[in-house]
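In: Please find the sequence and the predicted model below.
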Amino acid sequence: MEFDFDLFVIGGGSGGVRAARVAAGGGAKVGLAEESRMGGTCVIRGCVPKKLMVFASSYTGAMSEAEDYGWEVSMGDFDWTKFSTRLNGELDRLEGIYQNLLKNSGVEAFLSRATVVDAHTVALADGTKKTAKHILIATGGRPVRPNESFDTNLAMVSDDIFHMDALPKSMLIVGGGFIACEFACIMHGLGVDVTLFYRGDQILRGFDDEARGLIADMMKARGIDLRVGTNVEDMQKADGGVQVKATDGTEALFEKVLYATGRAPNTDGLGLENVDVELGRGGAITVDEYSQTGQPSIYAIGDVTNRVNLTPVAIREGMAFVETVFNGNPTPVDHDLIPAAVFTQPELGTVGMSEEEASKAGPVDIYSTSFKPMQQSFIGREDRVLMKLVVCKNTDVVLGCHIVAPAAGEMIQLAGIAVKMKATKAQFDQVCAVHPTMSEELVTMKAPVRSA
Ligand code: NDP
């Protein structure tokens, strides 16, 4: 059977664009449809603009520290309009790069929504149909508001943050995951009065307890009103913002409210009922280790499959898909020991098992040290950092590494190599310390602080 394309990709985010480009580079005829902006969540409304906001927000602390170091600093207000104009320019530039990458690799791009008609056909918004030997669904996810008895549309979600006309004076953030904690720190750094409600007993559920505890302490110490065991009971539109009644009995007016209560895979209205593609929890596409769905010609990668929802993982899934389908080399995606960072202030860098997870699996030794870093200690700050290794008692293999510190995201990328290589604690110790640094503690912790 003749097809219009060897591959048709639905979704122009990091995973979809990479798969399309690499397949086309190998000689395949590739089409790609994107209904919004090329670049997807990471580039347009996620990691990239978020990280630029992290940079913007970090200058408050840096300037106040500079003052204590002897600099004469005059700190004015943050100019949101200036920043967001530059930010939008940068996103336009990056979108252009993505468009060019596709064009230069010979991918035919359609700026349109696409839906699945059958195992080898997609329909574009104008009704045009395109056939393909393989279809790759890479439609990502979207932030969701919970179903409540009140109107949660009064609140923003993370997509809206980048389009605010002005910076609010006060903001309530609901949730305790990556996005809630990152934006709490960003907004606080930009001068917004931030309150965070988290329904559980500690933010960043699933991460190492000691690390999440330190981040919570640091967020509170910096002035974020972090309230655990608290949720929104009611919210109403009011003069100057949103009037919020909390489950802890308090009531307050916030200029803006942000719901950061999770994301859902973009599978609604995709036409998947027309094919043998199964949806799992929350509407995520069920795939095997090769990202293949129950319909042999249809594959899915990235957040729409809700495996590990991180950009580099989606990219790897895209590359593995191309290797499997177009290079005749079946390549499963390795989802084990993926390093990650939460861009709070201080950051959390993490790879492998938390102490709690590892101690359930077997006996472990915990090497952990929390201390005032030299740079802040010198000026009398109370900031603390954490360097922690979770080590298997039987094999001496480092099962997990958790860092809470400025630039922990940078550090964990490197520590992640050793952990992925299954380095032992003895091998960590064979490495000479880089002095004076915070991370030298990772190779100088002599005795476990506890065993579990
Ligand atoms: P998460 O799943 O990480 O966090 C959702 C939070 O909302 C949890 O604290 C959850 O509480 C809470 N929550 C859920 N439902 C409700 C509700 N009805 N009422 C109140 N609270 C609720 O989602 P995020 O949106 O923060 O992030 C989504 C994903 O995006 C992440 O898991 C990550 O994969 C990715 N991401 C990665 C980043 C990075 O790499 N730095 C940055 C941002 C996002 P509970 O814990 O009780 O379930």
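Out: Yes, it's here. Residues are numbered from 1 along each chain as shown.
In: Okay, and residue 437 sits in which element?
Out: Under DSSP states H and E, no helix or strand contains residue 437.
In: And it, how far from the ligand?
Out: Distance, residue 437 to the ligand, using C-beta to the nearest ligand atom, to the nearest Å: 23 Å. Every C-beta, even on glycine, is put in place using the N, C-alpha and C of the backbone.
In: wait, what's in contact with the most centrally placed residue in the chain?
Out: Per C-alpha atoms, centre = their mean, the C-alpha nearest to the average position across the chain is that of residue 310, at 5.5 Å. Residue 310 makes contacts with 338, 340, as judged by C-beta atoms under 8 Å, 6 or more residues apart in numbering.
In: same question, residue 323
Out: 329-331.
In: at 10 Å what do you get?
Out: 22-23, 26, 290, 329-331 (C-beta atoms under 10 Å, 6 or more residues apart in numbering).
In: before we move on, what about residue 394?
Out: Contacts of residue 394 (C-beta under 10 Å, 6+ apart): 362-364.
In: Ramachandran coordinates for it?
Out: phi -80, psi -40 (degrees, to the nearest 10).
In: Would you mind finding the longest helix in this protein?
Out: Ranked by residue count under DSSP state H, the longest helix found in the chain is helix 80-104.
In: Who are the packing partners of that helix?
Out: helix 14-25, helix 47-68, strand 108-110 (3 or more C-beta pairs under 10 Å, 6 or more residues apart in numbering; DSSP states H and E).
In: quick one: low-confidence parts of the stretch 351-452 of the chain?
Out: Filtered on pLDDT under 70, the stretch 351-452 of the chain yields no residues whatsoever.
In: Just want the residue of it that's nearest the ligand.
Out: The ligand sits closest to residue 409 of the stretch 351-452 of the chain, with a gap of 7.8 Å, by C-beta to the nearest ligand atom.
In: follow-up on the earlier one: of all the helices and strands packed on helix 80-104, which one comes closest to residue 175?
Out: helix 47-68 (14.7 Å; C-beta to C-beta).
In: which among the contacts of residue 394 are in contact with the ligand?
Out: Checking the contacts of residue 394 against the ligand by C-beta under 6 Å from any ligand atom, not one of them is in range.
In: ok, and which of the helices and strands packed on helix 80-104 has the densest surroundings?
Out: helix 14-25 (a mean of 26; mean count of other C-beta atoms under 10 Å).
In: elements contacting that helix?
Out: strand 5-10, strand 30-33, helix 40, helix 80-104, strand 108-110, strand 129-137, helix 311-325.
In: Which residues of the chain lie near the ligand?
Out: 146, 174-180, 182, 198-200, 205, 231, 260-263, 309-310, 340-343.
In: now with 5 Å?
Out: 146, 175-179, 199-200, 205, 261-263, 309 (C-beta under 5 Å from any ligand atom).
In: Out of the residues you listed, flag the one nearest to residue 357.
Out: Once C-beta to C-beta is applied, the member of the residues of the chain next to the ligand that ends up nearest residue 357 is residue 205, at 12.3 Å.
In: List the contacts of that closest one.
Out: Neighbours of residue 205 in contact, by C-beta under 10 Å, 6+ apart: 176-177, 198-199, 212.
In: one more time with 7 Å, if that's ok
Out: residue 176 (C-beta atoms under 7 Å, 6 or more residues apart in numbering).
In: Now it, what are its backbone angles?
Out: Dihedral angles (degrees, to the nearest 10) for residue 205: phi -50, psi 140.
In: With residue 451 instead?
Out: Per degrees, to the nearest 10, the backbone of residue 451 is at phi -120, psi 150.
In: What residue, apart from its backbone neighbours, is nearest it spatially?
Out: Closest residue to residue 451 apart from its sequence neighbours, by C-beta to C-beta, 6 or more residues apart in numbering: residue 365 at 5.2 Å.
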